[in-house]
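Q: build me a model from this:
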Amino acid sequence: MSRYDDIICIDCDGVLRDPITNGEIPFARESMSLLHRHGWRLICLTANDVALVNTWLRHNRLRKYFTAVTNVKPLAFRYIDDRAIGFYDWDQEDLFDLTRVLRP
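A: From the prediction side, this is the model:
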């Protein structure tokens, strides 16, 4: 087992926080609680100011679930991000699908 096998990195905006309303995404707290209870170490990743995100997490009673809040992508077993594209290999069929997904 490596030192990051029990870490899940969670993106803040779009996964925990609605960037338009500044409110909590529905079921974010319940989901973080569940992951935390099952022994996962959670790291909150943000592109924003870490101090502001810490304040938002505390205000919304989510901070207690996270071992860290960072703006540097950490090593983790899994990443949860609303803007991610899952990657497994460069299979040609997957590449075709990727070019369709990325088209503006």
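
Q: report the contact partners of the residue sitting nearest the centre point of the chain.
A: Closest residue to the average C-alpha location of the chain: residue 10 at 1.9 Å, with Cα atoms, centre = their mean. Contact analysis of residue 10 by Cβ atoms under 8 Å, 6 or more residues apart in numbering lists 16, 32, 42-45, 66, 79-80. All C-beta spots, glycine's among them, are computed from the backbone N, C-alpha and C.

Q: nearest residue to it other than its sequence neighbours?
A: residue 80 (4.9 Å; Cβ to Cβ, 6 or more residues apart in numbering).

Q: ok, the one you found touching residue 11?
A: Yes - shown here, residue 80 and residue 11 form a contact pair, counting by Cβ atoms under 8 Å, at 6.4 Å.

Q: out of these two, which sits in the more crowded spot?
A: Neighbour count, other Cβ atoms under 10 Å: between residue 80 and residue 11, residue 11 has more, with 19 against 16.
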